[in-house]
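In: Attaching a predicted model along with its sequence, questions to come.
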Amino acid sequence: MSSAVKSLNSKELEELGNNCVEIEFNKGDIIFKQGALSSNIVYLKSGLAKIHIKGPYKEQIISITKATSYLGIPSTFNDKIDEYSATALEKTKVCFIDARVFKDFINRKGGFAYEIIIEMCKNKINAYKKCVNRAQKQVHGRIADSLLYFYKEIYNNKKFTLPLTRHEFAGLVDTSRESVCRILSQFNTDGIIKLNGNKITIVNEELLEKISKSG
DNA sequence: GCATTAACCACAG
DNA sequence: CTGTGGTTAATGC
């Protein structure tokens, strides 16, 4: 349950439940696709998903999002067509909520709208930060950033399995597949991380932090 | 000039 | 799909 939904009373919850469908996705399943028609708010109930956009040359990963969160607010309110895609990175449960009901709640319930606005602001700030980092840090820093992000924001564990291929990881930090390979194995030989296929353990957090900050 | 960074290509597991 | 090595273009001392 999102903090916005918590502000609803039981009758409103019932109304939401009647206009909501829950679906389970497996790793690699597309939750919704850029260009498709959608009139749903998409809420990630459990699991992990990536948000990505097809650019003129390649697929760019915009963000990795952990439950619980909304995946589909911005595109659905402005536009009937999804501006981006979402794909499940692991077994994932998703609720599709009728946008009309959602709009109705926003109009009627200040508390509900307030929580939604907060979530959107957070997303926006993150997007701005990501934009600056991508533009000003060099590849080592961006990769260090992402590793710390997975450790702190997603898994809360220094030991985790990358849910992405090297190619996807490259799309996330805006570099080439080869650079990802090289830098990860360099971090490995330098004793900053322990690398075993997609299994990563962060060994020297301070140094990784330093690389992330200094770019 | 020379060094560094990182993309592109190619080829092998 | 990954890992590496060589090459190359851009940028910065």
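Out: Received the coordinates, thanks.

In: Would you mind listing the buried residues in the longest helix along chain A?
Out: Among the segments of chain A that qualify as a helix by DSSP state H, the longest is helix A:110-136. For helix A:110-136, a neighbour-count test (16 or more other C-beta atoms under 10 Å) marks A:112, A:115-116, A:119, A:123, A:130, A:133 as buried. In short, each C-beta sits where N, CA and C put it, glycine included.

In: Stretch A:99-112 too?
Out: A:99, A:101-102, A:104-106, A:109, A:112.

In: Check these and tell me the two furthest apart.
Out: A:99 and A:109 (15.6 Å; C-beta to C-beta).

In: neighbours of the residue of chain A found nearest DNA strand B, just the number please.
Out: DNA strand B sits closest to residue A:138 of chain A, with a gap of 2.6 Å, by C-beta to the nearest atom of the strand. Using other C-beta atoms under 10 Å, residue A:138 has 11 other residues around it.

In: Please list all residues in contact with it.
Out: Counting by C-beta atoms under 8 Å, 6 or more residues apart in numbering, residue A:138 makes contact with residue A:215.

In: For residue A:195, pull up the helix or strand it's in.
Out: Secondary structure from DSSP states H and E places residue A:195 in strand A:193-196.

In: got it, and residue A:45?
Out: Using DSSP H and E, residue A:45 falls in strand A:40-46.

In: quick one: which of the buried residues of stretch A:99-112 is nearest DNA strand C?
Out: The closest of these to DNA strand C turns out to be residue A:99 (C-beta to the nearest atom of the strand; 33.8 Å).

In: is it true that that closest one touches residue A:39?
Out: Yes - between residue A:99 and residue A:39 there is a contact under C-beta atoms under 8 Å: 5.0 Å.

In: name the helices or strands packed onto the helix or strand that comes right after the strand holding residue A:195?
Out: Counting by DSSP H and E, the next helix or strand C-terminal to strand A:193-196 is strand A:199-202. Helices and strands touching strand A:199-202, as assessed by 3 or more C-beta pairs under 8 Å, 6 or more residues apart in numbering; DSSP states H and E, comprise helix A:139-149, strand A:159-161, strand A:193-196.

In: and those, which is most packed in?
Out: Greatest average neighbour count among the helices and strands packed on strand A:199-202 goes to helix A:139-149 (a mean of 21), per mean count of other C-beta atoms under 10 Å.

In: Can you tell me what sits against it?
Out: A:64, A:133-134, A:137, A:169, A:172-175, A:179-180, A:183-184, A:187, A:193, A:200, A:202, A:205, A:208-209, A:211-215.

In: if we can go back for a sec, would you list the buried residues of helix A:110-136 in TSV and tack on pLDDT and distance to residue A:43?
Out: Shown next, in TSV, are the buried residues of helix A:110-136 (pLDDT from 0 to 100; distance: C-beta to C-beta, whole Å):
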residue	pLDDT	distance to residue A:43
A:112	89	13
A:115	90	13
A:116	89	11
A:119	89	11
A:123	91	14
A:130	91	22
A:133	89	27
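
In: ok so, going back, helix A:110-136 and the strand holding residue A:45, what's the angle between them?
Out: If you take axes from the mean of the first three to the mean of the last three C-alpha atoms, to 10 degrees, strand A:40-46 sits at 80 degrees to helix A:110-136.
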